[in-house]
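Asker: Mind folding the following:
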Amino acid sequence: MAEKTKVIEVVPYNPEWKAEFNRLKEQLLSYVGDLIISIEHVGSTSIEGLAAKPIIDLDLVMDSYDVLPQIIERLQQHGYEHQGNLGIEGREAFQRLQDDGFMKYHLYVCPKDGKGYLEHIAFRDYLRSNTAARQAYAEVKKRLAEQHRYDIDAYCEGKTTFVSSILSKAMK
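Answerer: Next up is the predicted model:
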């Protein structure tokens, strides 16, 4: 099971997040670059100007599930544990088993046409191009982080209505 965030902290956007993503991307490409199409920076840290929990989200994009067994094997060789989809279809989660010198991150492997991946990209791109929505989301996140500082499940559940409203616009 993925390590749950113990204390919810939403901080101002940090340009170092992009540099950290690029460092992680290079490392992961050296493990599975021949098996995937791309590595995408998703989640709040990928949206310039958006306050976020300081955790990088990465989607390794594969052509199809045919290569997933090879990806799992390679990532296991490099200290990752496959956690399954954690209840979200079209997204396979992996957890690093030991400290690797990077800031905290969530690693997912997704098929290029998977719902999880398509929603990550649509949400990211919508907020990147819509200042008002980005600011509104930052306010929601900050309020929820204050209300549910020690309850990541309540924090995530509190974002559902806002995220769904953005996805309904972005997935058209």
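
Asker: Locate the closest residue to residue 39 other than its chain neighbours within the secondary structure: which element?
Answerer: Excluding the flanking residues, the one nearest residue 39 by CB to CB, 6 or more residues apart in numbering is residue 25, at 4.7 Å. In this view, the C-beta of every residue, glycine as well, is placed from N, C-alpha and C. Per DSSP states H and E: residue 25 is located in helix 16-32.

Asker: Can you pull out the low-pLDDT segments for the chain?
Answerer: Judged by pLDDT under 70, the chain has its weakly predicted residues at 1-5.

Asker: one more time with 80, if that's ok
Answerer: The model of the chain has pLDDT under 80 over residues 1-5, 172.

Asker: How about the secondary structure of the residue nearest to the spatial centre of the chain?
Answerer: Nearest to the mean C-alpha position of the chain, counting by CA atoms, centre = their mean, stands residue 57 at 2.7 Å. What DSSP: H, G, I helix; E, B strand; the rest coil gives for residue 57 is strand.

Asker: mind listing what's buried in the helix holding residue 25?
Answerer: Using 16 or more other CB atoms under 10 Å as the test for burial, helix 16-32 gives 17, 20, 21, 24, 25, 28, 31, 32.
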